[in-house]
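[1] Pasting a predicted model and its sequence here:
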Protein chains: 2
Amino acid sequence: MKIAFLGPEASFTQLAAIQLFPEEELIPQPNILDCFKAVEKGEVKKAVVPLENSIEGTVSMTLDYLYKTPGIKILAEAVMPIAHHLMVHPDSHSGSVKKIYSHPQALAQSFHFLDTHFKEVPKQDFSSTAAAARYVSENPDRNLAAVANQFAANLYGLKIIHHNIHDFEQNHTRFIIISKDPESYENENLRVLGEKSGLLVTLPEDHAGGLHQVLSVFAWRKMNLSKIESRTLKTGLGNYFFFINVVGKWESALHHNALEELKALHAETYFLGNYKEFGLES
Amino acid sequence: MKIAFLGPEASFTQLAAIQLFPEEELIPQPNILDCFKAVEKGEVKKAVVPLENSIEGTVSMTLDYLYKTPGIKILAEAVMPIAHHLMVHPDSHSGSVKKIYSHPQALAQSFHFLDTHFKEVPKQDFSSTAAAARYVSENPDRNLAAVANQFAANLYGLKIIHHNIHDFEQNHTRFIIISKDPESYENENLRVLGEKSGLLVTLPEDHAGGLHQVLSVFAWRKMNLSKIESRTLKTGLGNYFFFINVVGKWESALHHNALEELKALHAETYFLGNYKEFGLES
């Protein structure tokens, strides 16, 4: 089975994808749009894309393409702690690092470490942490270093000289598996952190309290929301759709009635699926 | 007066910053964190950072640093249509483009044009559209092209061979001006699109209907919300804060009472400011 993911090779999304689909053929895509297109055209069965906090793609694009791609479903969510390591070519010495390459956000997330230990060493932006690691591997005689993940170190044969140089302990990225088929995703090897449903809701008009009215549908039923994000519709400024996560299993008449009630309120609602949240290793 | 902005030179954020601060000294920063730090340390008076839809920075970082930076205020919001152009060195010929460089999201946003007119030409990711433009300007004899903005074309002396190659007409990026001083920002040369307030709200606990209760405070007062975004607190998964925009001027006892009522609900609320939204040119 072919699975698309937001590349390049050794991106954090690939690190997620190999844990979610260890047996499948993983196909890198240059951007989030191409991941959705590959699913839409049937070139792949599923795709893994970042939903939140990624340093390798504007994840608001994920929300927009969820809205724009007809019939797309979410099969699972996965959360991964982000760990950055400083790596060099095995022939280099850590004391002699001349330049440090990485994605600008990875450099920012490792600021305290780099400022303390490599203050005078120039930093250079790269389009991804993985591309930076590859560049370092291709230039063994220049004493370069990259800030990237464990997987990139393995893939490009680099030696990690400092582990876990990122500033915040609790830095996570969320990914989702998207598909045209509303099948369920299960994986016995991964921890299940919870269960939730995803909905896209468009308000009938931009009126005061419209969102409040929509949320009332969930509130009086004691359905907990774990995420809500408003996105501007491309039809113009001032019109919005909302991505909403409802906690728990979507099973009872209560849930069915909630959707009916949203319809009665003229809130256009698209159900993305009820799915599990899995924990990944970094 | 010194103003920081998310660089590099000729980024979309600089294009916003020169319209917002045509007379001031603009200082590029490598990432969003450094923009906030420069303001916090007093190295600059203000900073311009992307709030929504940027291709040059994970804008969820802007929300996180608004939350994490003590005493930060928003002075203004600005919205700019995103326009991508295809540009070459003036000594090149459009028919002979050998390779096209840009930020992966800019390449994605120009997919239809590039796929129709330059299908066989390889595309190469760069860390920013501006860096791609500079690279093209530094390699005049290799028949390269970049997808970047008008400002980058001017700065690096490139010739635009195709204007407005982006796929969607209504592609906008939002920026905010941040400062430690809660002064007002005015600019007679820019269109005023509206007025709004920004608030950060942390719920007392992750209970069903908590957000609904908070939104009730605004709803029964007929205060319209134009944006709501939930962000995970770094203290762990499952705890959230919300960035909320309330439409209109923040002036009456009604608004004051709303904040009092949020306090009574044990919703920790930080008022980022009441500010105007301006329209920029691309």
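    That came in fine, so what should we check first?

[2] Validate this expectation: residue A:70 resides in a strand.
    No. Residue A:70 is assigned coil when assessed by DSSP: H, G, I helix; E, B strand; the rest coil, not a strand.

[3] what's it in contact with, if anything?
    Counting by Cβ atoms under 8 Å, 6 or more residues apart in numbering or on different chains, residue A:70 makes contact with residue A:40. Bear in mind the C-beta positions are built from the backbone N, C-alpha and C, glycine included.

[4] per-residue confidence for it?
    pLDDT, residue A:70: 89.

[5] Then residue A:167?
    82.

[6] quick one: secondary structure of it?
    Quick answer, by three-state DSSP: residue A:167 is coil.

[7] What's the local residue count around it?
    15 (other Cβ atoms under 10 Å in any protein chain shown).

[8] and the nearest residue to it once chain neighbours are set aside, how many neighbours?
    Excluding the flanking residues, the one nearest residue A:167 by Cβ to Cβ, 6 or more residues apart in numbering or on different chains is residue A:112, at 4.9 Å. Number of residues near residue A:112 (other Cβ under 10 Å) recorded here: 12.

[9] What helix or strand is residue A:112 located in?
    Using DSSP states H and E, residue A:112 sits within helix A:111-117.

[10] Name the next helix or strand downstream of that helix, please.
    Past helix A:111-117, the next helix or strand by DSSP H and E is strand A:123-125.

[11] State the mean pLDDT of that next one.
    For strand A:123-125, the per-residue pLDDT averages 86.

[12] how does chain A divide up, domain by domain?
    Following the assignment in automatic domain parsing, chain A carries domains at A:1-81+A:172-180, A:85-162, A:195-276.

[13] Off-centre distance for the second one?
    Read that as domain A:85-162. 23 Å (Cα atoms, centre = their mean, to the nearest Å).

[14] Quick one: end-to-end length of it, please.
    6 Å (Cα to Cα, to the nearest Å).

[15] picking up where we left off before, neighbouring contacts of the helix holding residue A:112?
    A:86, A:100, A:107, A:121, A:123, A:147, A:162, A:165-167, B:33.

[16] if I look at the residue nearest the centre of chain A, how far off is chain B?
    Nearest to the geometric centre of chain A sits residue A:50, at 1.7 Å (Cα atoms, centre = their mean). In this view, residue A:50 and chain B are 10 Å apart by Cβ to the nearest Cβ, to the nearest Å.

[17] for that residue, what are its contacts?
    A:6, A:12-13, A:32, A:56-57, A:59, A:62, A:173-175.

[18] Show the buried residues in the residues you listed.
    A:6, A:12-13, A:32, A:56-57, A:59, A:62, A:173-175 (16 or more other Cβ atoms under 10 Å in any protein chain shown).

[19] Where does pLDDT dip in the stretch 151-282 of chain A?
    Applying pLDDT under 70 to the stretch 151-282 of chain A picks out residues A:168-170, A:204-208, A:234-238.

[20] ranges for the helices of it?
    A:210-219, A:253-264 (DSSP state H, counting those that start in this stretch).

[21] looking at the ones you listed, which is buried most?
    The highest mean neighbour count among the helices of the stretch 151-282 of chain A, using mean count of other Cβ atoms under 10 Å in any protein chain shown, belongs to helix A:210-219: a mean of 22.

[22] rewinding a little: can you put the helices of the stretch 151-282 of chain A in JSON lines and add distance to chain B?
    Shown next, in JSON lines, are these (distance: least, Cβ to the nearest Cβ, whole Å):
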{"stretch": "helix A:210-219", "distance to chain B": "4"}
{"stretch": "helix A:253-264", "distance to chain B": "12"}
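
[23] Thanks a lot, see you next time.
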